[in-house]
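Asker: Below is the structure, and that's it, no one-letter string:
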Ligand code: SF4
């Protein structure tokens, strides 16, 4: 397909998506689905090629809060940056598919991709103070974002309407005295207030999906609980979808509907939150849960021996095998497929489960 034909095709799918959105919106609530399909992200550096996300598959449905957990450096933030087109070019290469309602974002032109991303997705970062501009008041920053969002939707909003919308958004994120907050600079607010402002800014474009990257890590424990409850309300009361990236199992347990566990760039297990905590299957997930300190019984938590691998020379087949207490010869020879265990959407990529192992051993 030549470039002109590709442009025409991508324009038509984007328009179709927006027409569908408009139709469903009028009929009462657009339903969307986002799917990462066999997604890989590779970085080229002087030390070689590092595949930091390796054939990740994950689905996000309407009105779901999905937690992505794993150690720092396991690829969860890179996966989200691939979605939002925030990876450095040309060092990062993305392969596979990111489908939004069947449209593959990776096959859109940069312009169409940007348009879809700005319309449907937004991100909340870990460091709320760093993500706000200290030279402008919160009001200036919100007015700018609301004005731009209005222009993209073909609307010229009056100053009074923008001010009213900014106040509404700050009330949505449960900030008292929003007029005072709008007159303030980020350094005059607490960490929790700044994070609420960041969430309000993310909401100002009315996104379908909010990607929250470690949004509570920099906050006090009591403020963490309030921010998590806010994300929960955005899903339950507004029907938005949230992808919550965190290294904390405690955080996902509080609010997530489903959890995806990542290890060394691979989604090794995915399940509903109650299922994952009641019946973890993958040895890495079991190890992660054993790392959580308890107040009773064995107070000192066990760790997982070893460290994340060097991504330029990762272990063969199952990337967890050098650290796994159950490793078998097949684990070093053939990558385990993700298999469904039960009928509740629990999937695990490990040779300990299913009858795939016998089939694979027969062909090794
Ligand atoms: Fe361990 Fe093998 Fe399962 Fe990998 S596939 S987690 S090495 S048992």
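Answerer: It's in. Note that the structure is a prediction, hence the values are computed from the model and not measured.
Asker: and residue 75, backbone torsions?
Answerer: phi 100, psi 0 (degrees, to the nearest 10).
Asker: SS state for the residue of the stretch 51-200 of the chain found nearest the ligand?
Answerer: Going by CB to the nearest ligand atom, the ligand is nearest to residue 54 of the stretch 51-200 of the chain, at 13.4 Å. All C-beta atoms are positioned from the backbone trio N, CA, C, and that covers glycine. Secondary structure assignment for residue 54 (DSSP: H, G, I helix; E, B strand; the rest coil): strand.
Asker: doesn't residue 317 make contact with it?
Answerer: No. The criterion here is CB atoms under 8 Å, and residue 54 misses it with residue 317 at 11.4 Å.
Asker: And the strands in the stretch 251-364 of the chain?
Answerer: In the stretch 251-364 of the chain, the strands defined using DSSP state E, counting those that start in this stretch lie at 258-263, 266-272, 338-341, 346-349.
Asker: Tell me which strands the third one pairs with, and in which orientation.
Answerer: Here the strand partners of strand 338-341, with direction, are listed using DSSP bridges: strand 346-349 (antiparallel).
Asker: related to what we said a few turns ago, tell me the most buried of the strands of the stretch 251-364 of the chain?
Answerer: strand 258-263 (a mean of 26; mean count of other CB atoms under 10 Å).
Asker: Give me the contacts around that strand.
Answerer: By CB atoms under 8 Å, 6 or more residues apart in numbering, the residues outside strand 258-263 that reach it are 56, 58, 64, 66-71, 74-76, 79, 252, 267-273, 276, 282, 284-285, 288, 319-320, 345.
Asker: From the residues you listed, list the ones also adjacent to the ligand.
Answerer: 282, 320 (CB under 6 Å from any ligand atom).
Asker: thinking again about what came up before, neighbours around the residue of the stretch 51-200 of the chain closest to the ligand, how many?
Answerer: 22 (other CB atoms under 10 Å).
Asker: how close does it get to residue 182?
Answerer: Noted for residue 54: a distance of 45 Å to residue 182, by CB to CB, to the nearest Å.
Asker: Could you pull out the strands in the stretch 101-250 of the chain for me?
Answerer: 103-104, 121-124, 209-213, 241-246.
Asker: Please name whichever of those strands is nearest to residue 142.
Answerer: Among those, strand 121-124 comes nearest to residue 142, with 13.6 Å by CB to CB.
Asker: ok so, going back, tabulate the strands of the stretch 101-250 of the chain in JSON lines, adding columns for mean neighbour count.
Answerer: What follows is the strands of the stretch 101-250 of the chain, written out as JSON lines (neighbours: other CB atoms under 10 Å):
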{"stretch": "strand 103-104", "mean neighbour count": "16"}
{"stretch": "strand 121-124", "mean neighbour count": "22"}
{"stretch": "strand 209-213", "mean neighbour count": "23"}
{"stretch": "strand 241-246", "mean neighbour count": "24"}
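Asker: how about the ones you listed in TSV, adding mean pLDDT and distance to residue 173?
Answerer: Below are the strands of the stretch 101-250 of the chain laid out as TSV (pLDDT from 0 to 100; distance: least, CB to CB, whole Å):
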stretch	mean pLDDT	distance to residue 173
strand 103-104	96	30
strand 121-124	93	11
strand 209-213	95	12
strand 241-246	95	14
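Asker: Save the ones you listed as JSON lines, and put in distance to the ligand too.
Answerer: Shown next, in JSON lines, are the strands of the stretch 101-250 of the chain (distance: least, CB to the nearest ligand atom, whole Å):
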{"stretch": "strand 103-104", "distance to the ligand": "30"}
{"stretch": "strand 121-124", "distance to the ligand": "31"}
{"stretch": "strand 209-213", "distance to the ligand": "26"}
{"stretch": "strand 241-246", "distance to the ligand": "22"}
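Asker: Look up how far residue 341 lies from the most centrally placed residue in the chain.
Answerer: The centroid of the chain falls nearest to residue 243 when counting by CA atoms, centre = their mean (3.8 Å). Note on residue 243: its distance to residue 341, by CB to CB, is 23 Å.
Asker: List, one by one, the residues from this protein near the ligand.
Answerer: Applying CB under 6 Å from any ligand atom, one finds that the chain approaches the ligand through 282-283, 318, 320-321, 324, 326-328, 331, 336, 350-352.
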